[in-house]
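Student: Starting from these lines, generate the structure:
(one chain, ligands or ions: 1)
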Amino acid sequence: MSHAMGKVIFQDGLKLYFEYNGTCDIVMNHLYKTKEEVNNNWRNHSSLKCTCKKDEPVEIETNYGGGIYWSGKACKKCKAFTKGFTPYEYQERFEPIWGFIK
Ligand SMILES: [Zn+2]
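Tutor: This next block holds a predicted model:
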């Protein structure tokens, strides 16, 4: 299995879900409110873009390879990542920001 479920957590605690492509180490840039919606669109996501520029810092987590955590930015309204598309992009800021992820 090279794809995995992923989750972003916003500062206010809101969680959104996405599909992580472990083969390419990259997120599928489409955030959903539920895991079911991610599953329903598995390997068939339209790629979204933030156009409102109201992206916020997020923690990002996937269960790929036993669990990977990193930080980035995403937009709740546009349901899109704007930074942190790969775990390696933000490696220098690896520590969880909000402490929700253990
Ligand atoms: Zn946006």
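
Student: Those residues of the chain touching the ion, which are they?
Tutor: Counting by Cβ under 5 Å from the ion, the positions of the chain adjacent to the ion are 50, 52, 75, 77-78. C-beta coordinates here come from the backbone N, C-alpha and C atoms, glycine included.

Student: and with 6 Å instead?
Tutor: Taking Cβ under 6 Å from the ion as the contact definition, the chain meets the ion at 50-52, 54-55, 75, 77-78.

Student: Now restrict those residues to buried residues only.
Tutor: Among the residues of the chain next to the ion, those buried by neighbour count (16 or more other Cβ atoms under 10 Å) are 50, 55, 75, 78.

Student: Hmm, Gly72 and the first one touching each other?
Tutor: No: using Cβ atoms under 8 Å, Cys50 makes no contact with Gly72, being 11.9 Å away.

Student: so what sits against both of those two?
Tutor: Common neighbours of Cys50 and Gly72 (criterion: Cβ atoms under 8 Å, 6 or more residues apart in numbering): Thr82.

Student: shaky segments in the protein?
Tutor: Applying pLDDT under 70 to the chain flags residues 1, 90-102.

Student: Would you map the strands across the protein?
Tutor: All strands of the chain, identified by DSSP state E, fall at 3-10, 15-21, 26-27, 56-62, 68-75, 80-83.

Student: so which of these gets nearest Asn41?
Tutor: Evaluated with Cβ to Cβ, these place strand 15-21 nearest to Asn41, the distance being 7.7 Å.
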